[in-house]
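> show me the folded form of this:
(3 chains)
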Amino acid sequence: MRRADALDIEGFADTFTPDGEVVHADGGRTRGRDEMVAAMRARLPRYQGVATQHWFGHLLVERLADGALGVSYYTLVAQSEGGGLSFQPAYTVDDVLVREPGGALLTRSRIIRRNTPGQR
Amino acid sequence: MRRADALDIEGFADTFTPDGEVVHADGGRTRGRDEMVAAMRARLPRYQGVATQHWFGHLLVERLADGALGVSYYTLVAQSEGGGLSFQPAYTVDDVLVREPGGALLTRSRIIRRNTPGQR
Amino acid sequence: MRRADALDIEGFADTFTPDGEVVHADGGRTRGRDEMVAAMRARLPRYQGVATQHWFGHLLVERLADGALGVSYYTLVAQSEGGGLSFQPAYTVDDVLVREPGGALLTRSRIIRRNTPGQR
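Residues are numbered from 1 along each chain as shown, chains lettered A, B, ... in the order given. As a prediction, this is how the structure comes out:
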């Protein structure tokens, strides 16, 4: 996420497997690094003049049946513009990470969900 | 806290020892899982329509004389309602955790303090 | 940072090496514990009646050529005053930590940068 926050789009895409998939909170979906880079490039204008920090918290890590890692976490997006700081709504993210032969841990899939009220 | 945020009250209570105690910032006190579940159920209405994330930070962990773990941390409570995000005042929490025979780490006591200005 | 937030200025200065240096976001610079304590004491009035929490996130740790540790992280500063919570603008911090003969990990240098928009 530090690469994404620095607008290093290609470097961010490289943290995913070549066929890595992202399901966004609005239901949009990107698959593969090329599509990911193109989608992020299209969103660049809204990050002009804004400094963004994605924060992660309360990570839950579990080993999945195929050896991949399921990682679930909270995320907050803090944005500095002028002298102030504002937050986007909160999200919960579910990643599946796989270890590449070279040792790097890459994201095979990411599902981003807008945080919704608990149900009772 | 992810269970509490999901309003899984019984699941949250199960992270405490059967006689686990919580001292709230307002001085209120609950002891034992039944009392805890009843108190949380009474507070449910104020969480209708609000998505809550408890964030933890700057954990200090120390081994206590009786082998339990003392864990002290900052907490922020982020609440999403409609399109916005708001925060409750900051708290500092002091937990005592004990390892159950089965291996689970349960909370024996929790003291929640509203963050107050430092004194010089 | 918990010491700094508690206004334990001397205790905070003790987490630095005796010649430790801090470069602030405004370009100001303090070197050595005495200078650090004096600078913090001068800023005390603005923390009267305000409870502060420094939050750290997304730590990157790397071993430097001389054996020291380079640690880079995001930071948010949350301040409670009255019933509300507000945030200062976001910062990114780069620390160099060294292990003392006694085993303690002390900060040899800290560079604090106001978070700026990514450049493309």
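> show me which residues of chain A sit near chain C.
Counting by C-beta under 8 Å from any C-beta of the partner chain, chain A comes close to chain C at A:1-2, A:5-9, A:44, A:47-57, A:78, A:80, A:83-85. C-beta: built from backbone N, CA, C; applies to glycine.
> now with 10 Å?
Within reach of chain C by C-beta under 10 Å from any C-beta of the partner chain, chain A has these residues: A:1-9, A:41, A:44, A:47-57, A:76, A:78-87.
> out of those, which sit inside strands?
A:51-57, A:76, A:78-81, A:84-87 (DSSP state E).
> re earlier: what subset of the residues of chain A next to chain C is buried?
With burial judged by 16 or more other C-beta atoms under 10 Å in any protein chain shown, the buried subset of the residues of chain A next to chain C is A:1-2, A:4-7, A:9, A:47, A:51-55, A:57, A:76, A:78-80, A:85, A:87.
> please save the CA atoms from the helix or strand of chain A with the lowest mean pLDDT in CSV.
Lowest on mean pLDDT, DSSP states H and E among the helices and strands of chain A sits strand A:84-87, with a mean of 92. Only the C-alpha atoms of strand A:84-87 are listed here, as CSV (Å, rounded to 0.1, in the frame of the first residue of the first chain):
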residue,chain,number,x,y,z
GLY,A,84,-6.5,19.1,7.2
LEU,A,85,-6.9,15.4,7.4
SER,A,86,-10.0,13.5,6.3
PHE,A,87,-11.0,9.9,6.2
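> max-length helix in chain A?
When chain A is parsed with DSSP state H, its longest helix is helix A:33-43.
> residues in contact with that helix: which ones?
With contact meaning C-beta atoms under 10 Å, 6 or more residues apart in numbering or on different chains, helix A:33-43 is reached by A:4, A:7, A:9-10, A:12-22, A:24, A:28-30, A:32, A:47, C:120.
> equivalent analysis for stretch A:64-72, please.
A:56, A:58-63, A:92-99, A:105, A:107-111, B:2.
> list the buried ones in that stretch?
A:68-69, A:71.
> what does chain A have sitting close to chain B?
Proximity of chain A to chain B, by C-beta under 10 Å from any C-beta, involves residues A:55-58, A:60, A:72-78, A:86-92, A:114-120.
> can you name the residue of chain A nearest to chain B?
When scored by C-beta to the nearest C-beta, chain A has A:Gly118 as its residue closest to chain B, at 3.1 Å.
> and the pLDDT at that residue?
On pLDDT, A:Gly118 comes in at 80.
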